[in-house]
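Novice: Take a look and give me a structure for this.
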Amino acid sequence: MSILAWIVLGLVAGFIASKLVNRSGGSLVLDLVLGIVGALVGGFLFNQFGSAGVTGFNLYSLLVATVGAVVVLFIYHLMAGRRAL
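Specialist: Here you go, the predicted model:
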């Protein structure tokens, strides 16, 4: 998968995760950037648990990236002192 596809997938996953974790609306740009990082984290986590990580630009990869983005955003909001979920 190309770098551009990773970025687009991370942006979409970050947007979805932002709506799941921070319903009140926060820094959308920060949530999207953390979503890109979350796409990488999601691929890593799924690989560690024996499942395929991000396999391409498809719905499964979007699910993996969204799970990773939710994890990253949840941890960020806990560390930043904001209420998550």
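
Novice: list the buried ones in the helix or strand bottoming out on mean pLDDT in the chain?
Specialist: The helix or strand of the chain with the poorest confidence is helix 28-48; it has a mean of 77 (mean pLDDT, DSSP states H and E). Buried residues in helix 28-48, counted by 16 or more other C-beta atoms under 10 Å: 31-32, 34-43, 45-46. To be clear about C-beta, it is placed using only N, CA and C from the backbone, and glycine gets the same treatment.

Novice: Tell me which stretches of the chain form helices.
Specialist: Using DSSP state H, the helices found in the chain span residues 3-21, 28-48, 59-80.

Novice: Could you dump the buried residues of helix 28-48 into TSV with distance to Val67 added?
Specialist: Listed next are these as TSV, based on distance: C-beta to C-beta, whole Å:
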residue	distance to Val67
Asp31	15
Leu32	16
Leu34	13
Gly35	11
Ile36	14
Val37	13
Gly38	8
Ala39	10
Leu40	12
Val41	9
Gly42	5
Gly43	10
Leu45	7
Phe46	8
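
Novice: Can you give me the pLDDT of Ile16?
Specialist: The model reports Ile16 with a pLDDT of 85.

Novice: Check the gap between the closest residue in space to Ala17 that isn't next to it in sequence and Leu45 for me.
Specialist: Spatially, and ignoring its direct neighbours in sequence, Ala17 is nearest to Ala69 (3.5 Å; C-beta to C-beta, 6 or more residues apart in numbering). Remark: distance between Ala69 and Leu45 (C-beta to C-beta, to the nearest Å) = 11 Å.
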